[in-house]
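Asks: please find the sequence and the predicted model below.
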Amino acid sequence: VKSWVMAVTAQTPTNIAVIKYWGKRDESLILPINDSISITLDPAHLCTTTSVAVSPSFTHDRMWLNGKEISLSGGRFQNCLRELRSRANDVEDVEKGVKIAKKDWDNMHVHIVSYNNFPTAAGLASSAAGLACLVFSLAKLMNVKEDHSTLSAIARQGSGSACRSLYGGFVKWIMGKEENGSDSIAVQLADEKHWDDLVIIIAVVSSRQKETSSTSGMRDTVETSALVEHRAKVVVPKRIIQMEEAIKNRDFPAFAALTCADSNQFHAVALDTCPPIFYMNDTSHRQVLFLIISRVEKWNRFEGTPQVAYTFDAGPNAVLISRDRKTAALLLQRLLFYFPPQSETDLNSYVIGDKTILQ
Ligand code: PMV
C-alpha cells in the first residue's frame, strides 16, 4: 500500500456557563480558581464540526479553522496533542489493509479541519466547542480508550471551558486540588433530558472578535482585582451548592437569580481589573435594563415568578434562558421589536438554542 488516509469526523456543541470560571491558578495546565457550572447547547445550533485525518504522506501536523490555516505551535494545542499521542493505541482499517501500531503514533502526523457554525472568538465560547471537538475526534482517530472525564482533563489544557463540552446537559467543572491537574475534570450533573423546558436564546449584539482575550483578561484580574479572591473563595462555593440544588429540583426562580447574579459579579470583577475590562457594551446594558425593568419584573409581578434569566460571557452578546417555549416566543418577539438586527453581519441576530421554538 503506497498511501492512504484514515479520518474521523465529530461534532461538539458549545456550552454557556451559569456559574462562571474566571481566573487561573496555573496558566499552563489551565487550573481554575473556582468550580463552574454550565449548560451544553443543542448541537443543531452552536457547534464545531471537526474532521481529523492521518496519513503516511503527511509531513507535519496542520490545522485549518473556518477554511484558513492556523498555527498549531501554541502550547495549548501541543499539550493536547502530546497527551493524546501518549495514550494512542493500535488502529487497524481492514478494508484499506493498513495498521498503525501504538508505538508509531509518535511519528505519524495529523491534519485537522474545523468549522464553527457561529462567530469565532466573539464571546460565544467558540474555543470550548472547538477544543472539545479536537480532543474528542483525535481520541477516536488514535483509539484512545480513556473515559470522558480523562478526555475532559485533556480538553481543559486546550481551553478551560472546553472540558465542560464533553458532556451534554448540565455540567460542573471541578477545580480540583492536585498540582498536576489530574482531579480538575468535568462531571455531568444532569443530562439534556432532565430540564428540557428551558429555551436558550442568544442575542448576537456583535459578531466582532472580542478585544480582550479571556487568557489575558483572567491574568490581569487575578493579578489586580481586589474582589476576585472573595468571589472565588466565598461567593462561588456557596453558589455552586445552591445551583446544583436548583438544577436538581428544576427550580427556575432560584436558577434565574443565581445565573443573573453570577453574570453580574463576573462583569463586576472584570471592571475591578486594572486596566478595567468592558465586555458588555451599551446595547448589552440596555438589554439587561429592558429585561429587568420592563420584562422580567412585569412578568414577575404578573406570573409571580421569574420567566427569563440572562448571562453574558466575555463579550457583549446576551444569552437568555427562558423557562419554557411560550415565554421564549414572547421574548423573541419583543427583542426583535426593541433590538432589531443592526448590521448585515448580525442579520442572523437571534440564535435559538432549541429548535422546537421555530416549529
Ligand atoms: O475557557 P476560556 O478561556 O474561553 O474562558 C471562558 C470564560 C467564560 O466564558 C467567561 C466563563 C466560562 O466559565 O465559560
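Replies: Nice, I can see it. Residues are numbered from 1 along each chain as shown.
Asks: what does this protein have sitting close to the ligand?
Replies: Within the chain, the residues that sit near the ligand (Cβ under 6 Å from any ligand atom) are 17, 20-22, 36, 125, 127, 159-161, 214, 313-314. (Each C-beta comes from the backbone N, C-alpha and C, glycine too.)
Asks: I figured Ser322 hits Val199, correct?
Replies: Yes. Counting by Cβ atoms under 8 Å, Ser322 touches Val199, with 5.0 Å between them.
Asks: what's the overlap in contacts for the two?
Replies: Common neighbours of Ser322 and Val199 (criterion: Cβ atoms under 8 Å, 6 or more residues apart in numbering): Ala328.
Asks: quick one on the thing from earlier: quick one: which of the residues of the chain next to the ligand sit in helices?
Replies: Of the residues of the chain next to the ligand, the ones assigned to helices by DSSP state H are 127, 214.
Asks: using TSV, lay out the residues of the chain next to the ligand together with neighbour count, pLDDT and distance to His230.
Replies: Converted to TSV, the residues of the chain next to the ligand look like this (neighbours: other Cβ atoms under 10 Å; pLDDT from 0 to 100; distance: Cβ to Cβ, whole Å):
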residue	neighbour count	pLDDT	distance to His230
Ala17	24	97	19
Lys20	27	98	15
Tyr21	25	98	16
Trp22	29	98	13
Ser36	27	98	17
Ala125	28	63	25
Ser127	23	84	27
Ser159	24	94	26
Gly160	25	96	21
Ser161	29	96	22
Ser214	24	91	21
Asp313	25	91	21
Ala314	26	89	21
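Asks: any idea which of the residues of the chain next to the ligand is closest to Leu151?
Replies: Ser159 (13.6 Å; Cβ to Cβ).
Asks: and that closest one, what is it in contact with?
Replies: 30, 76, 127-128, 130-131.
Asks: what's the weakest-modelled helix or strand in the chain?
Replies: Least confident helix or strand of the chain, by mean pLDDT, DSSP states H and E, is helix 297-303 with a mean of 57.
Asks: helix, strand, or coil at Val54?
Replies: strand (DSSP: H, G, I helix; E, B strand; the rest coil).
Asks: I figured it was touching Asp104, is that so?
Replies: No. Using Cβ under 8 Å, Val54 makes no contact with Asp104, being 10.1 Å away.
Asks: compare neighbour counts for the two and give me the winner.
Replies: Between Val54 and Asp104, counting by other Cβ atoms under 10 Å, Val54 is the more crowded of the two (22 against 13).
Asks: and the more buried one, what does it touch?
Replies: 5-7, 100, 108-111, 141.
Asks: can you map out the helices along the chain?
Replies: Under DSSP H, the chain gives helices at 75-87, 126-141, 148-156, 214-224, 228-230, 236-248, 252-271, 282-289, 297-303, 325-338.
Asks: any low-confidence regions in this protein?
Replies: The model of the chain has pLDDT under 70 over residues 1-2, 119-126, 207-210, 293-304, 341-359.
Asks: so how far is the ligand from the nearest residue to Ile100 once chain neighbours are set aside?
Replies: The shortest distance from Ile100 to any non-neighbouring residue, by Cβ to Cβ, 6 or more residues apart in numbering, is to Val91 (4.6 Å). Per Cβ to the nearest ligand atom, to the nearest Å, Val91 is found 30 Å from the ligand.
Asks: residues contacting Val91?
Replies: Contacts of Val91 were listed using Cβ under 8 Å, 6+ apart, and they are 6, 99-100, 141-143.
Asks: swap in Ile240?
Replies: 19, 34-35, 37, 172.
Asks: tell me which of the residues you listed is nearest to Tyr279?
Replies: Checking the contacts of Ile240 one by one against Tyr279 (Cβ to Cβ), the nearest turns out to be Ile19, at 16.9 Å.
Asks: out of the contacts of Val54, which end up buried?
Replies: Buried subset of those (neighbour count, 16 or more other Cβ atoms under 10 Å): 6, 100, 108, 110-111, 141.
Asks: so which of the residues you listed are in strands?
Replies: Using DSSP state E, the subset of the buried ones among the contacts of Val54 located in strands is 6, 100, 110-111.
Asks: farthest-separated two in these?
Replies: Between any two of these, the greatest separation by Cβ to Cβ is 14.8 Å, found for Ile100 and His111.
Asks: now the contacts of Ser159 as CSV including distance to Ala186?
Replies: Converted to CSV, the contacts of Ser159 look like this (distance: Cβ to Cβ, whole Å):
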residue, distance to Ala186
Ile30, 12
Arg76, 17
Ser127, 15
Ala128, 11
Gly130, 16
Leu131, 12
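Asks: out of those, which is most surrounded?
Replies: Top of the contacts of Ser159 by neighbour number is Ala128, holding 30 neighbours under the definition other Cβ under 10 Å.
Asks: need the contact list for it.
Replies: Residues near Ala128 by Cβ under 8 Å, 6+ apart: 14-15, 159, 161-162, 164-165.
Asks: from Leu72, how far out is the nearest residue to Gln157 once chain neighbours are set aside?
Replies: Excluding the flanking residues, the one nearest Gln157 by Cβ to Cβ, 6+ apart is Asn79, at 4.3 Å. Applying Cβ to Cβ, to the nearest Å, the value for Asn79 to Leu72 is 11 Å.
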